[in-house]
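[1] Please find the sequence and the predicted model below.
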Amino acid sequence: MENGFISFVLEHIAQFFSYTAFANMTIGHLVMIAVGLVFIYLAIAKEFEPMLLLPIGFGIIIGNIAFAPGLKIGIYESGSVLNYLHFGVLQGVYPPLIFLGIGAMTDFSALISNPKLVLVGGAAQLGIFGAYAIALALGFTSAEAGAIGIIGGADGPTAIFLSSKLAPDLMGAIAISAYSYMALVPVIQPPIMKLLTTEKERTIKMKPPRAVSKTERIMFPIIGLLLTCLLVPSGLPLLGMLFFGNLLKESTVTKRLADTAKGPLIDIVTILIGLTVGASTQATTFLTAKSIGIFVLGAISFVIATCGGVLFVKFFNLFLKGDNKINPLIGNAGVSAVPDSARVSEVVGLEFDKSNHLLMHAMGCNVAGVIGSAIAAGILLSFLS
């Protein structure tokens with residue numbers, strides 16, 4: 001009787017243990033939990049994109065708490081709460097909502113006052129197509145290469161949107177890579193900017209942006225939508241929401257809607273997208289040779305994008321005279337990491353001339369980069385889907 005009771009107790013203890021994370025944990029899970037802790041450290045201690053890295057880092061930890069299959073708690077298990085929340089990522093629902101909020105909080109005046117900055121934003125998209133070509137050469141499929149290449153735009157929502165359409169199985173690695181490099185903008189870009197520019201170029205002073213009328217600001221999102229989406233209709237989900245959010249802001253008659261879009265709505269979606277993207281990095285599906293390759297290609301694409309923006313400004317200046325010349329230090333802001341890459345332009349510029357403020361000019365390139373990366377995503381989606 002006593003032996004039977006002990007056997008009963010031990011059997012149930014063993015059964016309980018089989019359901020704990022300790023029984024199902026692998027080295028891969030521990031590695032990913034460590035990565036999540038690094039993200040949280042960078043968000044809190046270094047303040048690297050905390051609004052993104054903190055939810056992603058915590059999501060990585062959530063996604064790598066190992067469990068026995070069949071409990072319907074994992075992000076990849078049909079019917080689980082996390083699986084339902086992840087639906088917005090898989091189906092590309094969250095990114096357009098993020099773009100709505102970005103449009104509602106963005107001032108396009110710097111771009112409207114100096115339209116040639118659109119070209120700088122376009123040149124920085126070179127990183128997307130450069131990484132696409134390299135990924136193809138390394139054996140990725142054309143759809144996978146297109147999804148990987150978009151990392152060069154330094155735009156997390158666009159990367160998620162495109163990868164959800166072209167390479168859903170790589171979405172976790174692509175999204176984590178995109179957001180990681182966005183957070184590291186202040187670390188990666190300054191050395192490249194200094195390497196590619198001369199002392200004289202860094203001290204170029206640009207004339208102040210002209211005043212932009214309310215009519216121009218209202219007309220911009222309408223004209224911008226027509227010009228971009230009539231040309232690239234596949235970019236409509238992102239560009240349509242971006243310009244709609246901006247019209248809500250600039251019309252001044254829908255302040256409540258604009259405040260909701262740029263405040264509670266974008267905050268809620270940022271939490272959901274960060275947490276679920278992080279949780280999608282389960283070690284059993286995430287730690288692969290492809291994921292490592294994506295991180296390397298992401299770094300390459302980001303470097304190419306930064307170089308493309310800076311070098312294009314240097315080339316463009318050959319055709320400009322006097323105070324129409326552009327400081328090449330704002331070329332890095334052609335990537336769409338808003339507003340961090342524009343802040344980098346300002347900080348690096350002030351290192352060489354304390355009176356040379358480049359922020360407003362860089363913001364023109366920055367918002368052009370947002371539009372440019374969405375257009376590039378639309379082009380890739382048109383050809384590769």
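    Looks like it arrived, so ask away.
[2] which residues does the residue nearest the centre of the chain contact?
    Nearest to the geometric centre of the chain sits residue 156, at 1.9 Å (Cα atoms, centre = their mean). Going by Cβ atoms under 8 Å, 6 or more residues apart in numbering, residue 156 touches 52, 175, 178-179, 182, 273. The C-beta positions use only the backbone N, C-alpha and C, and glycine is treated the same way.
[3] Check which helices and strands the helix or strand harbouring residue 312 sits against.
    Using DSSP states H and E, the element containing residue 312 is helix 289-316. Helices and strands touching helix 289-316, as assessed by 3 or more Cβ pairs under 8 Å, 6 or more residues apart in numbering; DSSP states H and E, comprise helix 117-123, helix 126-137, helix 142-149, helix 171-183, helix 185-196.
[4] Please point out which parts of the very next helix or strand once past that helix sit buried.
    Where DSSP H and E defines the elements, the next helix or strand beyond helix 289-316 is helix 340-352. Within helix 340-352, the residues that qualify as buried are 340-346, 348-349, 352, counting by 16 or more other Cβ atoms under 10 Å.
[5] want to throw those residues into a markdown table with pLDDT?
    Formatted as a markdown table, the buried residues of helix 340-352 follow (pLDDT from 0 to 100):
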| residue | pLDDT |
| --- | --- |
| 340 | 88 |
| 341 | 92 |
| 342 | 93 |
| 343 | 93 |
| 344 | 95 |
| 345 | 96 |
| 346 | 96 |
| 348 | 96 |
| 349 | 95 |
| 352 | 94 |
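[6] got CSV for these, with distance to residue 365 too?
    Below are those laid out as CSV (distance: Cβ to Cβ, whole Å):
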residue, distance to residue 365
340, 13
341, 8
342, 7
343, 12
344, 11
345, 8
346, 12
348, 14
349, 13
352, 18
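[7] just those now: which is nearest residue 6?
    The closest of those to residue 6 turns out to be residue 340 (Cβ to Cβ; 61.8 Å).
[8] The closest one contacts residue 179, correct?
    No. Residue 340 is not in contact with residue 179 according to Cβ atoms under 8 Å; the separation is 11.8 Å.
[9] shared neighbours, those two?
    Common contacts of residue 340 and residue 179 (Cβ under 8 Å, 6+ apart): residue 49.
[10] how near is the nearest residue to residue 73 once chain neighbours are set aside to residue 74?
    Spatial nearest neighbour of residue 73, excluding adjacent residues (Cβ to Cβ, 6 or more residues apart in numbering): residue 80 at 5.3 Å. Using Cβ to Cβ, to the nearest Å, residue 80 is found at 6 Å from residue 74.
[11] pLDDT below threshold where in the chain?
    Counting by pLDDT under 70, the chain shows low-confidence ranges at 1-2.
[12] can you pull the contacts of residue 64?
    Applying Cβ under 8 Å, 6+ apart, the residues contacting residue 64 are 28-29, 32-33, 36, 281-283.
[13] now do 7 Å
    Counting by Cβ atoms under 7 Å, 6 or more residues apart in numbering, residue 64 touches 29, 32-33, 282-283.
[14] how much space between residue 80 and residue 88?
    Counting by Cβ to Cβ - residue 80 and residue 88 are separated by 14 Å.
[15] Which one's more surrounded, the two?
    For residue 80 versus residue 88, neighbours defined as other Cβ atoms under 10 Å are more numerous around residue 88 (18 against 15).
[16] Okay, and that one sits in which element?
    helix 81-90.
[17] Counting by contacts, list what that helix packs against.
    Helices and strands touching helix 81-90, by 3 or more Cβ pairs under 7 Å, 6 or more residues apart in numbering; DSSP states H and E, are helix 156-166, helix 266-279.
[18] Please repeat the previous calculation with a cut-off of 6 Å.
    helix 266-279 (3 or more Cβ pairs under 6 Å, 6 or more residues apart in numbering; DSSP states H and E).
[19] and the helix it packs on, which residues are buried?
    Neighbour counts over helix 266-279 (16+ other Cβ under 10 Å) mark 266, 269-270, 272-279 as buried.
[20] repeat for stretch 193-202
    Within stretch 193-202, the residues scored as buried using 16+ other Cβ under 10 Å are 193-194, 196-197, 201-202.
[21] and what of stretch 140-159?
    Neighbour-count burial for stretch 140-159 [16+ other Cβ under 10 Å]: 140, 143-159.
[22] Double-check residue 369 against residue 121; I have them as touching.
    Yes. Taking Cβ atoms under 6 Å as the definition, residue 369 is a contact partner of residue 121 at 4.2 Å.
[23] what residues do those two have in common as contacts?
    Common contact partners of residue 369 and residue 121 (Cβ atoms under 6 Å, 6 or more residues apart in numbering): residue 334.
[24] Can you pick out the residue with more neighbours from these two?
    residue 369 (33 against 27).
[25] Tell me which stretches of the stretch 1-150 of the chain form helices.
    2-18, 21-24, 27-44, 50-63, 81-90, 94-105, 109-113, 117-123, 126-137, 142-149 (DSSP state H, counting those that start in this stretch).
[26] Nearest to residue 329, out of those?
    Per Cβ to Cβ, nearest to residue 329 of these: helix 117-123, 11.3 Å.
[27] what packs against the closest one?
    So helix 117-123, by 3+ Cβ pairs under 6 Å, 6+ apart, packs with helix 289-316, helix 359-384.
[28] Show me which positions of the last one end up buried.
    By neighbour count with 16+ other Cβ under 10 Å, helix 359-384 contains the buried residues 359-381, 384.
[29] picking up where we left off before, what's the residue nearest to residue 73 in contact with, if anything?
    Taking Cβ under 6 Å, 6+ apart, we find residue 80 in contact with 72-74.
[30] Show me how to select, in PyMOL, the buried members of those.
    Listed next is the PyMOL selection for buried residues among the contacts of residue 80, using 16+ other Cβ under 10 Å:
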select buried, resi 73+74
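[31] got the contact list for residue 336?
    Residue 336 makes contact with 153-155, 369-370, 373, according to Cβ under 6 Å, 6+ apart.
[32] if I pick residue 178, what's in contact with it?
    Going by Cβ under 6 Å, 6+ apart, residue 178 touches 151, 156, 159.
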